[in-house]
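[1] Build me a structure from this.
(one chain, ligands or ions: 1)
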Amino acid sequence: MKLKLLLTSDSHGFIRPTTYQNRKITGDFGITKLATAFSQEEAKDDYDYLLKINNGDFIQGSALATYLNKKNTLSAIQRFNDVFNTIGFDATIVGNHEFNYGFDYLKQFINQDSQVLNANILNSETKQSAFGKPYQIYEQAGVKIGLLGLTTAYIPNWEQPQKIAGLQFESAYDMAKKWVPLLKQEADIVVVCYHGGFERDLQTGKPTEALTGENEGYQILTKIPGIDVLLTGHQHRQIAEVINGVAIIQPGYRAQFYGKVEVDFEKTQTGVKINDKKVELVPTQPFAESKAIVDLIKPLHQETEDFLDQKLGQVAGDFTISNPLQARIEGSHYIDLINQIQLTETKADLSATAILNDQAKGLPQFVTMRDILSNYPFPNTLAVIELTGQQLRNVLEHAATFFDLDDQNEIKINPAFCKPKPQLYNYDMFYPLDYTFDITQPYGKRVAKLNYQQQEVKPSDKFKVALSQYRAVGGGNYPHYGADAISYEVSTDMAELIAQYIKDNSPIKLPKHFDYKLKKA
Ligand SMILES: [Zn+2]
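    Residues are numbered from 1 along each chain as shown. Predicted coordinates for the structure are as follows:
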């Protein structure tokens with residue numbers, strides 16, 4: 001007998017195969033393609049049992065998801081939900097990005113139809129699952145398949161407290177340790193669905209990141225007996241392996257692949273005997289878009305395109321980014337502008353922001369919403385943290401670990417920011433500040449020059465620093481940041497602040513380029 005599990009994770013609102021950089025639909029990913037692939041899998045007669053799982057991060061990420069949040073009407077949200085209901089997922093796990101627009105917004109996406117499994121996000125008063133149920137047993141022809149739902153517990157380090165009020169985030173590992181033995185008693189096959197990834201190398205067991213609890217997959221895999229299948233996500237990695245007899249999947253992101261697990265088993269007197277497990281990542285590129293879902297999403301897709309093409313204003317001067325690495329090394333007018341906007345909004349002394357990914361192209365002469373969201377795809381608000389001169393230096397030392405030198409003595413990105421998950425958004429550039437990093441020096445000793453308004457920064461100086469709230473509450477693990485350290489907040493979304501600033505100040509002149517240097521040899 002065969003159980004077939006079909007998995008998506010981290011689809012991030014990419015329903016159709018477009019990144020919305022332009023109006024062409026040419027991508028090799030998307031839920032419409034995945035839907036066709038799933039229908040074809042269902043039409044085959046190579047299985048006895050089939051379950052479809054959405055492993056989280058599905059309401060945020062694309063321009064369509066941004067527009068949906070802006071529009072925020074019941075009927076538009078229903079259409080978005082209908083996309084997933086059409087595919088007919090048997091279980092849904094929430095991801096960390098589901099909380100980006102607040103718990104109240106999320107509630108509109110986790111209704112009865114979506115069958116949410118959640119064992120570790122608790123109501124802080126009742127200590128029960130705050131939504132959904134911890135697990136579900138799917139009984140098909142006398143065989144019981146148990147699914148447990150878990151989400152990365154690190155969410156309070158990325159979200160403003162008011163967005164997650166009343167929720168208590170428990171370690172996924174602790175909750176798996178509690179629930180898996182109970183599930184094992186009830187079910188013949190145990191599947192853990194975890195919106196989280198692996199903190200250690202799967203072969204060597206060496207840590208691949210700071211062990212903060214953001215990802216606990218390795219611990220769950222190696223320390224909790226009784227798991228047959230471990231479905232993961234969050235890191236956007238492509239993983240399909242069987243390790244210690246446990247089938248493991250992580251299917252990338254944007255539905256570029258779907259995960260397929262096949263468990264071959266036979267029924268016995270006492271339960272089942274598992275003969276074989278197969279895992280596979282299948283590219284969705286060859287599949288046509290599902291016409292039903294294209295039609296369903298059509299109005300929202302069209303409105304998104306029109307929203308993106310709104311003309312906001314123009315810039316006078318070169319705000320483009322031709323090479324993101326070069327822009328991180330030398331600075332860029334685009335980054336100065338974002339920092340200038342953050343300073344204007346917060347009245348802080350200093351501001352920091354990042355080139356969020358390597359798709360960022362800066363701004364062309366005539367700026368549209370499309371340009372802004374291409375550079376700034378994450379929903380984010382602003383926060384201010386007060387730092388002493390010494391703390392500012394420590395923060396900069398942390399930023400300086402972003403770079404290393406290669407064999408040719410050229411500056412490169414520290415691999416820790418690229419693998420296993422790209423974290424280019426964690427390198428902040430400060431403005432207005434005159435500073436130099438000496439990359440030839442070891443970590444912690446790289447800030448060579450640090451002046452503010454022509455004066456050397458003293459340890460006792462005080463600065464108000466404007467940051468994204470993601471950074472301010474702890475994203476990127478900078479020292480001295482944290483929800484408790486925030487003194488002031490601006491709750492308008494960053495993309496909207498940028499759009500408004502460009503409208504109000506068009507044509508945008510070049511801000512004073514900040515003095516920022518990287519030194520090598
Ligand atoms: Zn994700």
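
[2] Tell me which residues are up against the helix or strand containing residue 304.
    Using DSSP states H and E, the element containing residue 304 is helix 291-308. The contact list for helix 291-308 (CB atoms under 8 Å, 6 or more residues apart in numbering) reads 15-16, 20, 23, 31-32, 35, 63-64, 67-68, 70-71, 76, 79-80, 82-83, 86-87, 368-370, 373. C-betas here are computed from N, CA, C, even on glycine.

[3] One more pass at 6 Å, please.
    Residues outside helix 291-308 that contact it (CB atoms under 6 Å, 6 or more residues apart in numbering) are 15, 23, 32, 35, 63-64, 67, 76, 79, 82-83, 86, 369-370.

[4] And for residue 242, the neighbour number?
    The number of residues packed near residue 242 is 14, by other CB atoms under 10 Å.

[5] Wait, it touches residue 277, no?
    Yes - counting by CB atoms under 6 Å, residue 242 touches residue 277, with 5.3 Å between them.

[6] how much space between residue 183 and residue 286?
    36 Å (CB to CB, to the nearest Å).

[7] These two: which is more packed in?
    Neighbour comparison, residue 183 and residue 286: the larger count goes to residue 183, with 25 against 10 (by other CB under 10 Å).

[8] For that one, which non-adjacent residue is closest in space?
    residue 146 (4.2 Å; CB to CB, 6 or more residues apart in numbering).

[9] pretty sure the one you found contacts residue 138?
    No - checked against CB under 6 Å, the pair residue 146 and residue 138 is beyond contact range at 7.7 Å.

[10] Reduced to three states, what does the residue lying farthest from the centre of the chain come out as?
    In the chain, the residue that sits farthest from the middle, by CA atoms, centre = their mean, is residue 269; the gap is 44.6 Å. Counting by DSSP: H, G, I helix; E, B strand; the rest coil, the backbone at residue 269 sits in coil.

[11] Please name the residues that touch the closest residue to the ion within the stretch 301-450 of the chain.
    The stretch 301-450 of the chain approaches the ion most closely through residue 421 (9.4 Å), counting by CB to the ion. The contact partners of residue 421, taken as CB under 6 Å, 6+ apart, are residue 235.

[12] mind redoing it with 8 Å?
    Applying CB under 8 Å, 6+ apart, the residues near residue 421 are 197, 235, 236, 237.

[13] which of these are close to the ion?
    The subset of these within reach of the ion, by CB under 5 Å from the ion, is empty.

[14] so which of the residues you listed comes closest to residue 377?
    Comparing the contacts of residue 421 against residue 377 with CB to CB picks out residue 236 as the nearest, at 13.6 Å.

[15] Excluding sequence neighbours, find me the nearest residue to that closest one.
    Spatially, and ignoring its direct neighbours in sequence, residue 236 is nearest to residue 253 (4.1 Å; CB to CB, 6+ apart).

[16] can you check residue 383 too?
    residue 472 (3.6 Å).

[17] can you check residue 275 too?
    In space, not counting the residues next to it along the chain, residue 275 is nearest to residue 264; the distance is 4.7 Å by CB to CB, 6+ apart.

[18] Check the secondary structure at that neighbour for me.
    Counting by three-state DSSP, the backbone at residue 264 sits in strand.

[19] State the distance from it to residue 486.
    53 Å.

[20] same thing with residue 102?
    To residue 486, residue 102 is 17 Å away according to CB to CB.

[21] all strands of the stretch 351-500 of the chain, in order?
    In the stretch 351-500 of the chain, the strands defined using DSSP state E, counting those that start in this stretch lie at 362-363, 366-368, 382-388, 403-405, 411-413, 429-431, 434-438, 447-452, 455-456, 462-468, 486-490.

[22] With mean pLDDT added, can I get those in a markdown table?
    Formatted as a markdown table, the strands of the stretch 351-500 of the chain follow (pLDDT from 0 to 100):
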| stretch | mean pLDDT |
| --- | --- |
| strand 362-363 | 96 |
| strand 366-368 | 97 |
| strand 382-388 | 97 |
| strand 403-405 | 94 |
| strand 411-413 | 94 |
| strand 429-431 | 95 |
| strand 434-438 | 93 |
| strand 447-452 | 94 |
| strand 455-456 | 96 |
| strand 462-468 | 98 |
| strand 486-490 | 92 |
